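[1] could you look at this predicted model? Sequence included:
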Amino acid sequence: MGRKLRWFGWSVLTAIVLVVSSFGLQGFDRLLAQTPAATPAPSPTQEAPVNAVPIAPLPGSRVEPPSPSPSASPLPTAVPVTIPSGKGSPSPTASPTPLPIPTAPPVAIPSAPALPVAGEYKDPTGRFRVAKLQDYQFSSLGDSFLAEAIDGRLSYTVLAQSLAQLNLPPVVSIDQLVTVAKTAFQRGEGFQVTNQQPLLNGVLLDWTGSLTIGGQTQPVSGSIVAKQVSTNVLLLLIAATDAGKNDVPGALTALNDSLQGL
């Protein structure tokens, strides 16, 4: 049973990460809907001035000189009108100032007891480092790693992409981080974000999904932390089976703060 759970847990995250790998950099390059360049409005066509064509007078006709303009009559002097005292004219009502739309303030990761750690993983290409959860097995997966519990109930990985690959500005907004995360994993089977919350150093997304093995669909769930570290966007993905979903908050507490640039 433990071997089956371990294989199932490995399959959960492998399936999701392989989706990202197959998505490729071209997909990441297109993850943000680029705002089309504004087409300049065509300038109105200027019509060439039409010169008046002089018409010669008919033979024998006499050109009458222009009659002088009549002198303007002086306008009558305005008589001042006294407004009777009493209630003054009501002042125009000031337009109400629209209230700002409240936004959720950034928060820290919920303070669940952290799972025990044993050392840290350093990315061979120098992009990031993250804690190693105790008794988790690490293996290479693409240009990153896969960490999995021995019984397969919970797994995690980190994906890194440069701002240049993502076509992002030097300072990434929360909305852009959310778009990066959703685009990276949206091809996962049944992937759906159930909640998102700005963090002090990024954004947290809770997600659910499913995995079909041998014709049987199993529910999976977890969390994603997206953050900008220097010139990279880092995505921490935690995936769990039903047996391991209660360990997700503790894994999140242990891993989020340790996820840093090198």
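    Everything's here; your move.

[2] got the confidence number for residue 262?
    Per-residue confidence at residue 262 stands at 84 (pLDDT).

[3] pretty sure it contacts residue 125?
    No: judged on C-beta atoms under 8 Å, residue 262 makes no contact with residue 125 at a distance of 9.0 Å. Glycine gets a C-beta too; all of them are placed from N, C-alpha and C.

[4] quick one: low-confidence ranges for the protein?
    1-110 (pLDDT under 70).

[5] swap in 90 and give it another go.
    1-112, 140-144, 152, 184-191, 200-201, 210-218, 257, 262 (pLDDT under 90).

[6] where do the helices of it begin and end?
    Remark: helices assigned in the chain by DSSP state H are 2-29, 163-166, 174-185, 248-256.

[7] just give me the neighbour total for residue 126.
    Using other C-beta atoms under 10 Å, residue 126 has 9 neighbouring residues.

[8] list the contacts for the closest residue to it other than its chain neighbours?
    Of all residues not flanking residue 126 in the chain, residue 262 sits nearest, at 4.8 Å (C-beta to C-beta, 6 or more residues apart in numbering). If you count contacts by C-beta atoms under 8 Å, 6 or more residues apart in numbering, residue 262 has them with 122-123, 126-129.

[9] within its sheet, name the partner strands of the biggest strand by length in the chain and how each one runs.
    Among the segments of the chain that qualify as a strand by DSSP state E, the longest is strand 216-229. Partners of strand 216-229 in the sheet, by DSSP bridges, are strand 202-213 (antiparallel), strand 232-240 (antiparallel).

[10] tilt between the shortest one and helix 174-185?
    Relative orientation of strand 232-240 with respect to helix 174-185: 60 degrees, computed using axes from the mean of the first three to the mean of the last three C-alpha atoms, to 10 degrees.

[11] please apply the same query to the first one.
    Inter-element angle recorded for strand 202-213 and helix 174-185: 20 degrees (by the same axes, to 10 degrees).
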